[in-house]
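J.: All I have is the shape, not the residue letters:
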Ligand SMILES: Nc1nc2c(ncn2[C@@H]2O[C@H](COP(=O)(O)OP(=O)(O)OP(=O)(O)O)[C@@H](O)[C@H]2O)c(=O)[nH]1
């Protein structure tokens with residue numbers, strides 16, 4: 001404000017002085033005019049010059065008048081910015097001096113001009129250099145100007161000095177103002193350039209939009225000064241209507257300012273959030289807005305922060321985890337709704353309190369100390385903790401405490417996030433129960449038993465006291481289910497479990513390991529006598545009675561027992577031994593206990609190994625079939641062969657069936673080997689047929705094989721797989737004892753096979769007890785008289801009588817008879833005399849390899865022909 005007034009005063013004074021000096025000095029020129037016309041013209045020129053000069057001066061002065069709001073405090077800054085200008089003062093001073101001195105000689109040529117001659121020098125020096133050079137030029141003009149004799153010369157000098165100084169002062173002020181204006185302009189530009197914001201100035205009358213580079217930059221438009229229309233076009237389609245609505249409201253005077261956030265869409269499709277603020281600053285007489293100014297700010301970062309804050313607030317409020325913010329004095333600052341839900345405390349009840357409010361009393365002070373130590377050291381702690389709700393109930397939570405650090409790494413506050421894991425714990429307990437305990441009786445199951453077993457063994461090792469392992473299996477429990485229903489069976493199992501639990505000690509383990517199977521681990525039973533007493537208690541507990549209405553159900557149990565460390569194996573071995581002993585107890589009559597016997601265990605082991613080796617032999621095709629001829633006793637001609645299995649053992653050579661077959665009797669392997677024998681015999685029969693030798697092959701079929709499900713189907717398949725042989729070529733020799741094991745089933749199978757064309761012989765006839773009625777129903781074609789009768793028939797009349805009886809009976813039933821065990825020619829002769837048609841035995845031929853049979857058969861043919 002000060003500089004503005006100073007300027008106006010100086011400009012006015014300079015005008016007064018300059019104009020007066022001009023009038024005085026220029027009027028002195030008039031007498032030099034030759035005539036009155038020339039004087040009048042000169043006066044006109046002089047006046048015009050004055051008008052032009054004063055107009056130019058007025059224009060410069062008005063333009064240079066400092067703005068009313070100019071901030072004088074910035075002059076200092078501007079001075080600094082214009083430092084280079086002040087370095088020129090010497091040059092300007094020298095110029096002023098030289099320019100003024102140059103005018104001195106001109107006085108001689110323009111004597112009438114007088115001191116006026118120096119006015120341009122003064123004005124130029126003042127304009128270029130300001131007060132200093134202007135004053136110097138004035139001084140030099142006053143001192144060096146020619147001294148005319150005119151009486152008013154002192155007045156002229158005085159006017160020159162006064163106007164020179166005023167012009168210099170005016171120029172100085174003018175320069176300072178110009179400098180200020182330039183500095184302010186630069187400052188404004190620097191400020192605008194320094195911010196990413198933009199300024200805009202909208203001339204509504206002329207529809208012109210002035211704007212700084214920031215506006216164009218934020219709008220993402222390529223042109224430097226985009227039009228209002230273009231700008232609005234760059235505004236996001238969704239934001240444009242509200243922006244225009246605001247603008248309209250403001251222009252209509254219904255809103256004091258505009259201020260809103262919106263998005264500019266950039267050329268790559270991304271958006272930039274900006275905030276516009278502005279207002280009308282000028283209005284026409286009718287109140288219509290003529291000018292609006294405002295700013296446009298980049299608020300992308302702010303929006304991002306705002307979004308993050310909003311997200312954080314949403315998480316804080318909406319998460320299922322409880323959150324508490326604690327200050328460095330461990331006072332709760334803030335909690336979220338989930339905290340209130342989980343703990344039952346309202347926010348206003350806990351803010352200002354310490355988290356100790358939630359302590360359940362289940363953790364020691366050391367626990368909390370360690371927890372906070374790790375928060376301080378590592379920045380966080382995570383773990384399970386038991387806390388108490390407002391209602392006093394204690395619950396487990398999974399808690400994470402994180403330290404929030406400031407710029408210097410010092411903890412600013414702490415955030416605790418926790419979730420109530422009661423349901424997870426309950427679920428885990430439930431899973432644990434399901435995984436480790438039997439659902440029906442609640443006793444440990446096999447899985448938990450394994451764990452307890454290890455501990456029991458370790459404990460026995462520690463204490464030196466034996467561990468008694470019992471496996472208990474209820475006898476004929478199936479019958480309970482069948483007679484009384486499964487529910488009754490269940491109830492009995494529960495009763496027995498309870499009863500057994502009541503006779504074992506706390507340290508002992510009672511587990512249910514199967515349907516009606518329990519395992520007992522009893523520690524601290526020293527002598528065998530004590531053991532026997534304990535087992536008697538167990539047996540009597542197992543036969544507890546269950547009252548079902550008027551009925552009483554009761555079962556006995558068989559218990560197998562082994563004792564560690566006498567039986568020094570691991571848990572699996574001990575269980576296996578107890579199980580073997582249990583089966584032994586069952587075999588010995590049930591309702592008793594049996595100590596494990598290592599000898600029978602070794603036999604069982606040997607049996608398992610043999611089975612394994614035999615299975616391998618079958619897979620590796622180590623079995624062979626040898627064939628023993630059957631001949632017609634009258635002609636001596638070969639009529640059939642009996643296939644007999646051998647094992648071509650890689651190390652032990654050819655083994656007879658008695659060395660290996662007993663191991664497989666009654667097992668699946670017996671059936672598998674039997675199937676192999678049938679397939680091989682059929683293939684061999686087909687091969688002989690191709691060689692011109694038609695001979696019936698007999699195959700022994702064991703009871704297990706015959707009665708196994710699907711026997712007739714597999715036989716049919718074997719016959720179909722061997723088209724070169726006829727079903728009549730195959731005879732199955734069935735033991736009499738096998739045929740009577742399950743009569744109706746055997747009968748069924750035999751009939752089905754017989755229908756396929758397969759022949760049957762009843763082997764070892766006479767050793768069983770089959771009734772004649774039953775024998776008649778069997779579809780057998782041949783009876784084989786057991787060799788025990790044949791062998792002794794020569795010496796034992798009783799055996800001879802049996803053979804004769806069998807022969808008579810067979811003939812009466814229309815059956816063939818084959819005598820086995822024929823060892824001598826006398827046997828053959830006697831049998832033949834008795835009417836027996838067929839015979840086999842060492843006296844006729846030993847079993848032989850298949851490739852030898854054709855030659856043997858041929859030799860018999862030759863002998864028969866010769867006879
Ligand atoms: N009620 C009931 N019966 C079960 C349960 N689990 C298995 N069983 C039956 O228990 C019986 C066990 O039979 P086994 O042990 O093989 O035979 P057993 O009749 O006891 O004869 P031995 O053991 O030879 O004395 C079977 O019939 C199973 O179906 C169960 O949870 N509840």
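T.: Received it, and whenever you're ready, just let me know what you need. All values reported here derive from a predicted model rather than from experimental measurement.
J.: what does the stretch 301-450 of the chain have sitting close to the ligand?
T.: residue 440 (Cβ under 6 Å from any ligand atom). In this view, the C-beta of every residue, glycine as well, is placed from N, C-alpha and C.
J.: List phi and psi for the residue nearest to residue 436 when sequence neighbours are not counted.
T.: Of all residues not flanking residue 436 in the chain, residue 448 sits nearest, at 3.9 Å (Cβ to Cβ, 6 or more residues apart in numbering). Main-chain torsions, residue 448, degrees, to the nearest 10: phi -70, psi -30.
J.: ok, now residue 94?
T.: Taking degrees, to the nearest 10, you get phi -60, psi -40 for the backbone angles of residue 94.
J.: related to what we said a few turns ago, is it true that the residue nearest to residue 436 touches residue 433?
T.: No - between residue 448 and residue 433 there is no contact under Cβ atoms under 8 Å: 10.1 Å.
J.: Which of these two has more residues huddled nearby?
T.: The residue with more neighbours, out of residue 448 and residue 433, is residue 448; 17 against 12, by other Cβ atoms under 10 Å.
J.: pLDDT score assigned to that one?
T.: Residue 448 carries a pLDDT score of 95 in this model.
J.: likewise the one 3 residues further on?
T.: Turning to residue 451, the model gives it a pLDDT of 92.
J.: residues making contact with the helix or strand containing it?
T.: Using DSSP states H and E, residue 451 sits in helix 446-463. Residues from elsewhere that reach helix 446-463 (Cβ atoms under 8 Å, 6 or more residues apart in numbering): 435-437, 444, 466-467, 509, 511, 513-514, 519, 521, 523-524, 564-565, 570-571, 574-575.
J.: same check, this time on stretch 293-311
T.: 196-202, 214-215, 218, 258, 261, 272-279, 281.
J.: which of the residues in it are buried?
T.: 293-300, 303 (16 or more other Cβ atoms under 10 Å).
J.: With stretch 266-281 instead?
T.: For stretch 266-281, by 16+ other Cβ under 10 Å, it's 272-276, 278, 280.
J.: Strands of the stretch 51-200 of the chain, start to end?
T.: 198-203 (DSSP state E, counting those that start in this stretch).
J.: Quick one: the helices in it, in order.
T.: Using DSSP state H, counting those that start in this stretch, the helices of the stretch 51-200 of the chain run over 73-81, 83-86, 89-103, 119-129, 131-144, 153-194.
J.: Quick one: residues contacting the residue in the stretch 501-650 of the chain that the ligand sits nearest to.
T.: Closest contact between the stretch 501-650 of the chain and the ligand, by Cβ to the nearest ligand atom, is at residue 515 (2.3 Å). Neighbouring residues of residue 515 by Cβ under 8 Å, 6+ apart: residue 477.
J.: Can you tell me how far it is from residue 477?
T.: 7 Å (Cβ to Cβ, to the nearest Å).
J.: same question, residue 234
T.: Separation of residue 234 from residue 477 (Cβ to Cβ): 88 Å.
J.: ok, now residue 208?
T.: 105 Å.
J.: higher neighbour count, those two?
T.: Neighbours per residue (other Cβ under 10 Å) separate residue 208 from residue 477, with residue 477 holding more: 19 against 13.
J.: any chance you could map the helices in the stretch 401-550 of the chain?
T.: 422-436, 446-463, 477-484, 486-503, 528-542.
J.: do the same with the stretch 551-700 of the chain
T.: 571-587, 598-619, 661-664, 668-690.
J.: Can you check what pLDDT the model gives residue 26?
T.: Listed pLDDT for residue 26 reads 69.
J.: what residues does stretch 555-562 touch?
T.: Applying Cβ under 8 Å, 6+ apart, the contact partners of stretch 555-562 are 468-477, 480, 492, 496, 531, 535, 538-539, 542-543, 574, 577-586, 590-596.
J.: of those, buried ones?
T.: Buried among the contacts of stretch 555-562 by 16+ other Cβ under 10 Å: 468-475, 477, 480, 492, 496, 531, 535, 538-539, 542, 574, 577-586, 591-596.
J.: The helices of the stretch 51-200 of the chain: which one's closest to residue 485?
T.: helix 153-194 (94.2 Å; Cβ to Cβ).
J.: Just list what that closest one packs against, helices and strands only.
T.: helix 2-27, helix 36-64, helix 73-81, helix 119-129, helix 131-144, helix 213-219 (3 or more Cβ pairs under 8 Å, 6 or more residues apart in numbering; DSSP states H and E).
J.: Quick one: list the elements packing against the shortest one.
T.: Taking 3+ Cβ pairs under 8 Å, 6+ apart as contact, the helices and strands that helix 213-219 lies on are helix 153-194, strand 198-203, helix 228-234, strand 289-298.
J.: Could you export those as a markdown table, including distance to the ligand?
T.: Converted to a markdown table, the helices and strands packed on helix 213-219 look like this (distance: least, Cβ to the nearest ligand atom, whole Å):
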| stretch | distance to the ligand |
| --- | --- |
| helix 153-194 | 86 |
| strand 198-203 | 84 |
| helix 228-234 | 79 |
| strand 289-298 | 76 |
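J.: For the protein, what lies in contact range of the ligand?
T.: Residues of the chain lying near the ligand (Cβ under 6 Å from any ligand atom): 440, 473-478, 481, 486, 489-490, 493, 515-516, 586.
J.: Let me have the buried residues of stretch 266-281 in CSV, extended by distance to residue 177 and secondary structure.
T.: Below are the buried residues of stretch 266-281 laid out as CSV (distance: Cβ to Cβ, whole Å; DSSP: H, G, I helix; E, B strand; the rest coil):
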residue, distance to residue 177, secondary structure
272, 40, strand
273, 42, strand
274, 37, strand
275, 36, strand
276, 34, strand
278, 30, strand
280, 30, strand
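J.: For the ligand, state which of the residues you listed is nearest.
T.: Looking across those and measuring by Cβ to the nearest ligand atom, the closest to the ligand is residue 273, at 70.2 Å.
J.: Go ahead and confirm the closest one touches residue 266.
T.: No - counting by Cβ under 8 Å, residue 273 stays clear of residue 266, with 11.5 Å between them.
J.: How many residues are close by the residue of the stretch 251-400 of the chain found nearest the ligand?
T.: The stretch 251-400 of the chain approaches the ligand most closely through residue 396 (34.4 Å), counting by Cβ to the nearest ligand atom. The local packing of residue 396 (other Cβ under 10 Å) involves 20 other residues.
J.: Residue 780 now?
T.: 27.
J.: Repeat that for residue 96.
T.: 28.
J.: hmm, back to that, could you check the angle the helix holding residue 451 makes with helix 422-436?
T.: 80 degrees (axes from the mean of the first three to the mean of the last three Cα atoms, to 10 degrees).
J.: Quick one: mean pLDDT over the strand or helix carrying residue 855.
T.: Assigned by DSSP H and E, residue 855 belongs to helix 853-866. Across helix 853-866, the average pLDDT comes to 88.
J.: Apart from its neighbours in sequence, what residue is nearest residue 508?
T.: Leaving out its chain neighbours, residue 508 is closest to residue 522 (Cβ to Cβ, 6+ apart), at 4.9 Å.
J.: Could you chop this protein up by domain?
T.: 2-193, 196-304, 319-426, 437-596, 627-646+666-860 (automatic domain parsing).
J.: mind checking the end-to-end distance for the second one?
T.: One end of domain 196-304 to the other measures 17 Å (Cα to Cα, to the nearest Å).
J.: what about residue 129, neighbour count?
T.: Every residue meeting other Cβ under 10 Å relative to residue 129 is counted, giving 26.
J.: For it, give me its contacts.
T.: Per Cβ under 8 Å, 6+ apart, neighbours of residue 129: 89, 92-93, 95-96.
J.: and with 6 Å instead?
T.: Shown in contact with residue 129 (Cβ atoms under 6 Å, 6 or more residues apart in numbering): 92, 96.
J.: Equivalent analysis for residue 249, please.
T.: For residue 249, the contacting residues are residue 255, by Cβ under 6 Å, 6+ apart.
J.: helix, strand or coil for it?
T.: Under DSSP: H, G, I helix; E, B strand; the rest coil, the three-state class of residue 249 is helix.
J.: Give me the distance between it and the ligand.
T.: Per Cβ to the nearest ligand atom, to the nearest Å, residue 249 is found 82 Å from the ligand.
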